[in-house]
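> This is a predicted model, with the sequence first.
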Amino acid sequence: MKKKLYELLIDFLKLRPREISGYLPSIKDTCLLSFRSDQNSLVKEASLQLLIKLVESFPPKEIEVTVKPRDLMIILLDEIKLRRPSASVKGAIWNLVGLLHEKYGLDDYRVESQDVQFISLMEQMKSEKPEIKAI
C-alpha cells in the first residue's frame, strides 16, 4: 500500500510539481521515516525514488532548507555502511547520493562517498552473485 502511494506521488509530481510544493516538508519527512523504519525493501526503494524525484523536480536553492542535503547524505551513507540494504535499495541510495553531489556539491562528503562506493564495488566483484541493481 505504501509503495503504491509513493508511486502515485511520483506520478503526480511529474505532472504538477508546483501544486505539491507546499507539502514538501511533510513528504520528505514521511519518506525518511519509511526509509529508516520500514522492513519492506520495496517501500524503502519507493520512498527513495520519491526523494529523487523531489530533488530532480525543483531548483536546488528552493528546496535546500527542506531536503537538508548534508543530513540526508549522512543518513544514506550510514545505511550503506552500517546495514545491509537490498540491491534495489542500494541502487536507489547511490542514485540519490550522486544527485545530491550533482545539485549541492557536498565536497565534504565526496571522498567518503567514493570510499564507500569503492568498498561496495570491491565486495560485489568478490561475490559469486553480484547485485546488478546495486552496481
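Good, I have the coordinates. Just so it is clear, the structure is predicted and the values come from calculations on it, not from any experiment.
> Pull out the buried residues from stretch 107-117.
109, 113, 116 (16 or more other Cβ atoms under 10 Å). Any C-beta I mention is one placed from the backbone N, CA and C, and that applies to glycine too.
> One more: stretch 2-17?
Counting neighbours by 16+ other Cβ under 10 Å, the buried set in stretch 2-17 is 3, 6, 9-10, 13.
> Also stretch 17-30?
Within stretch 17-30, the residues scored as buried using 16+ other Cβ under 10 Å are 20-21, 24, 27-28, 30.
> so how far is it from its chain's centroid?
Distance of stretch 17-30 from the chain centroid (Cα atoms, centre = their mean, to the nearest Å) equals 16 Å.
> So for that stretch, first residue to last residue, what's the gap.
18 Å (Cα to Cα, to the nearest Å).
> any idea of the mean pLDDT in that stretch?
Averaged across stretch 17-30, the pLDDT comes to 90.
> Kindly report the same for stretch 54-68.
Mean predicted lDDT for stretch 54-68 stands at 91.
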